[in-house]
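# Only the shape, not the letters, is given here:
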């Protein structure tokens, strides 16, 4: 157990120095936090200052935040005094459980231990943690410096004090925390996103249209207004009687797959895993991939928080 008297204010630990981990580190470092990033890959550790500086430039900030981020190779005493430690490791349950077990032996009893998992129940991740009341979910969206929402997930064991302190820290560094009161798989955003994705894949798999058409329809119909008006706001605005009438017709015909669809399984088995390899649901070249990423980051960074 840590020998420090108490966690040190304005300190953060991040487990994992990949795209998400580095971005989370930058968000806190830019607000003056002292940040330690645990990353076993030596190349990623060496690249950390430049990557932090790149994010600073993208956000229109000075690059001095990079000096407040210290990369280390393994979980150790550098994390003992952290107020908050966020795990941003790969989505592998056993790995995450092992990390939380180790953190329990290193960090102060009042350190908040958070996981950035996208879908895995936080209860399962913290199953081997010594102090489950200090375990919470903090699901950031990619890229977290542009998509500011953070889902703060409470388990049956998480104390309300932990939730409130975590939400206060997120708000302090400019994020938009929401309280997820039940630890359900996928939380809020990913349950909604993947319900849509399931239906989108089914439309292509069943020959209704191709992938490009699905995305064109999403971008140029309801997707165009989602950043302004939420789904339930839209239902209230047009009238719940209309929503009810539509549901009576359409719900029985929507896709109800309870396992990954054959189209998705076959594409992955064939090595067609997406833009990074040149083909997924559609074909990509490097210029198209980078153009889309750049356009996305620019649009998200230009969006006013809370709109």
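Structure received. Only a predicted model underlies this, so the values are computations on that prediction, with no experimental measurement involved.

# ok, residues contacting the longest strand along the chain?
Across the chain, the longest stretch assigned as strand under DSSP state E is strand 8-15. With CB atoms under 8 Å, 6 or more residues apart in numbering as the test, strand 8-15 has contacts from 21, 24-25, 28, 32-38, 75, 78-79, 81-89, 99, 103, 107. Glycine gets a C-beta too; all of them are placed from N, C-alpha and C.

# can we see that at 6 Å?
21, 24-25, 28, 33-38, 79, 81-89, 99 (CB atoms under 6 Å, 6 or more residues apart in numbering).

# same question, stretch 158-174
With CB under 6 Å, 6+ apart, stretch 158-174 has contacts from 27-28, 31, 84, 112, 133-134, 136, 150, 152, 154, 177.

# could you flag which of these are buried?
Buried members of these, scored by 16 or more other CB atoms under 10 Å, are 27-28, 84, 112, 134, 136, 150, 152, 154, 177.

# before we move on, back to that, from the contacts of stretch 158-174, which is closest to residue 196?
Nearest to residue 196 among the contacts of stretch 158-174 is residue 150, at 21.1 Å by CB to CB.

# got the domain boundaries for this protein?
8-180, 190-270 (automatic domain parsing).

# Tell me which of these sits nearest to residue 301.
Among these, domain 8-180 sits nearest to residue 301 (CB to CB), with 4.9 Å.

# So for that closest one, mean pLDDT?
What domain 8-180 shows for mean pLDDT is 97.

# So for it, first residue to last residue, what's the gap.
27 Å (CA to CA, to the nearest Å).

# Tell me which stretches of the stretch 101-250 of the chain form strands.
112-115, 135-140, 149-153, 176-180 (DSSP state E, counting those that start in this stretch).

# With respect to burial, which of those strands scores highest?
Among the strands of the stretch 101-250 of the chain, ranked by average contacts under mean count of other CB atoms under 10 Å, first place goes to strand 112-115 (a mean of 28).

# just checking, what packs against that one?
strand 82-87, strand 135-140 (3 or more CB pairs under 6 Å, 6 or more residues apart in numbering; DSSP states H and E).

# how much space is there between residue 301 and residue 223?
Using CB to CB, to the nearest Å, residue 301 is found at 19 Å from residue 223.

# still on that earlier bit, of the strands of the stretch 101-250 of the chain, which approaches residue 274 most closely?
From those, taking CB to CB, the stretch that ends up closest is strand 135-140, at 21.0 Å.

# and that closest one with strand 82-87, angle?
Put simply, strand 135-140 runs at 70 degrees to strand 82-87, going by axes from the mean of the first three to the mean of the last three CA atoms, to 10 degrees.

# Quickly compare the domains of the chain and say which is most buried.
domain 8-180 (a mean of 19).

# starting at the chain centroid, how far to it?
Here domain 8-180 is found 11 Å from its chain centre; the criterion is CA atoms, centre = their mean, to the nearest Å.

# Likewise for stretch 225-233?
Using CA atoms, centre = their mean, the offset of stretch 225-233 from its chain centre is 21 Å.

# first to last residue in it, what's the distance?
Start-to-end, stretch 225-233 (CA to CA) is 11 Å.

# try stretch 33-41
End to end - CA to CA - stretch 33-41 spans 23 Å.

# Contacts for that stretch, please.
Taking CB under 6 Å, 6+ apart as the rule, stretch 33-41 contacts 10-15, 17, 25, 28-29, 45, 68-73, 75, 78.

# one more time with 7 Å
Residues outside stretch 33-41 that contact it (CB atoms under 7 Å, 6 or more residues apart in numbering) are 10-17, 21, 25, 28-29, 45, 48, 68-75, 78-79, 82.

# what's the answer for stretch 115-122, then?
20, 86-88, 91, 93, 96, 125, 135-140, 153, 155, 183, 185-186, 190.

# thinking again about what came up before, ok, which pair from the contacts of stretch 158-174 is furthest apart?
Pairwise over these, using CB to CB, the maximum falls at 31 and 133, 26.4 Å.

# picking that back up, output the contacts of stretch 158-174 in JSON lines; the columns should cover distance to residue 250.
Output for those, formatted as JSON lines (distance: CB to CB, whole Å):
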{"residue": "27", "distance to residue 250": "40"}
{"residue": "28", "distance to residue 250": "44"}
{"residue": "31", "distance to residue 250": "46"}
{"residue": "84", "distance to residue 250": "44"}
{"residue": "112", "distance to residue 250": "43"}
{"residue": "133", "distance to residue 250": "43"}
{"residue": "134", "distance to residue 250": "44"}
{"residue": "136", "distance to residue 250": "37"}
{"residue": "150", "distance to residue 250": "33"}
{"residue": "152", "distance to residue 250": "33"}
{"residue": "154", "distance to residue 250": "34"}
{"residue": "177", "distance to residue 250": "34"}
